[in-house]
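**Student:** build the 3D model from these lines:
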Amino acid sequence: MSINDWFKQRESRRYTVSAGATADGLPDGVWRKCPDCGKTLYQGEVVKSLSVCPHCGHHFELIARDRILALVDDGTFAETDAGLCSLDPLRFTACKPYAGALEKAQETTGLAEAAIIGRASIDGRPVVIGALDFRFIGASMGSVVGEKITRAFEIALAERRGVVLVVASGGARMQEGMLSLMQMAKTAAAAERLAKAGLPYVSVLVDPTYGGVTASFAVLADVIFAEPGALIGFAGPRLVEQTIRRSLPKGFQSAVSLVEHGMIDGVVSRSELRERIGTVLGYLLPDDATTAGGAV
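**Tutor:** Next comes the predicted model:
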């Protein structure tokens, strides 16, 4: 082949060109850069590894539905209350109207609200599982998120199932004022009723988990796991430093630090999470629950 023919063949080749680029200058949807080790990763390989960096183990963000599907038995998840969505009872406006923020979040995420819940099974054991999606107004807990979490506990109580919740949140959704703050007590009371019935509740805290969600149902589980690198707390580090006027220790509010101080039970890699939750359910779920829960 002559050099001219080679150039003509090269020019006729079809290339897949990404529509955009990331902040790192990498083609969007093809490559991504790990923020911890700095290596450039092929997106297809990242997806296969449950969005975990194969070099350093950094856990990338996952959307709520993908988190659920990574934990449950194949084909068992059936969503409930998918149509519930928030209203704007206070007609709240700050930098932008709350109604507009809801509409934009729904359009961007394809979700009606920040929480997804439903029935499923994990290792053949019946559960109600839910996850919060941080893309939806920071997965903040308004009246609908609180209602869906409460219904998750109520379904589990009625059908003798365990509860598994994957939690990421910026806290209470203050655009709903007192209605938002009421969800803390509401979800905590629902978790207590499940505990009194002897049914297990496992929570998985992912990055970030803060505010009223941390102060309510997220830390009331029988077993609390966290993903590596997750930051968990009530107020953010900057606010804590401004309040106490002291520098915080290294690793403050990190998952590893919280294990050392007894707030959570373990830091579990995403690849091992399903197995660990299945083991916990095997120990804590009553024998009658495996049949009383009925079909998923």
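**Student:** would you mind measuring from Phe153 to Ser86?
**Tutor:** Distance from Phe153 to Ser86, counting by Cβ to Cβ, to the nearest Å: 20 Å. The C-beta positions use only the backbone N, C-alpha and C, and glycine is treated the same way.
**Student:** and for Gln183?
**Tutor:** From Gln183 to Ser86 the distance is 12 Å (Cβ to Cβ).
**Student:** between those two, what contacts are shared?
**Tutor:** Each of Gly142, Ser143 lies in contact with both Gln183 and Ser86 under the rule Cβ atoms under 8 Å, 6 or more residues apart in numbering.
**Student:** what's the longest helix in this structure?
**Tutor:** helix 178-196 (DSSP state H).
**Student:** can you give me the strands in the stretch 1-150 of the chain?
**Tutor:** With DSSP state E, counting those that start in this stretch, the ranges of strands along the stretch 1-150 of the chain come out as 31-33, 40-42, 78-80, 115-122, 125-132.
**Student:** isn't Ala82 right up against Gly110?
**Tutor:** No - between Ala82 and Gly110 no contact is recorded; they are 11.2 Å apart, counting by Cβ atoms under 8 Å.
**Student:** helices of this structure, start to end?
**Tutor:** Counting by DSSP H, the helices of the chain are 3-12, 43-48, 64-71, 98-109, 143-159, 178-196, 211-214, 237-244, 255-260, 270-284, 289-292.
**Student:** what packs against the fifth one?
**Tutor:** Right, the one you point to is helix 143-159. strand 115-122, strand 125-132, strand 162-169, helix 178-196 (3 or more Cβ pairs under 8 Å, 6 or more residues apart in numbering; DSSP states H and E).
**Student:** go again with 10 Å.
**Tutor:** Judged by 3 or more Cβ pairs under 10 Å, 6 or more residues apart in numbering; DSSP states H and E, helix 143-159 is in contact with strand 78-80, strand 115-122, strand 125-132, strand 162-169, helix 178-196, strand 201-209, helix 211-214, helix 289-292.
**Student:** mean confidence for that helix?
**Tutor:** Here helix 143-159 scores 97 as its mean pLDDT.
**Student:** tell me the buried residues in it?
**Tutor:** For helix 143-159, burial by neighbour count (16 or more other Cβ atoms under 10 Å) applies to 143-153, 155-157, 159.
**Student:** do the same with the fourth one
**Tutor:** Neighbour-count burial for helix 98-109, counted by 16+ other Cβ under 10 Å, picks out Tyr98, Ala101, Leu102, Ala105, Thr109.
**Student:** sweet, I'm off.
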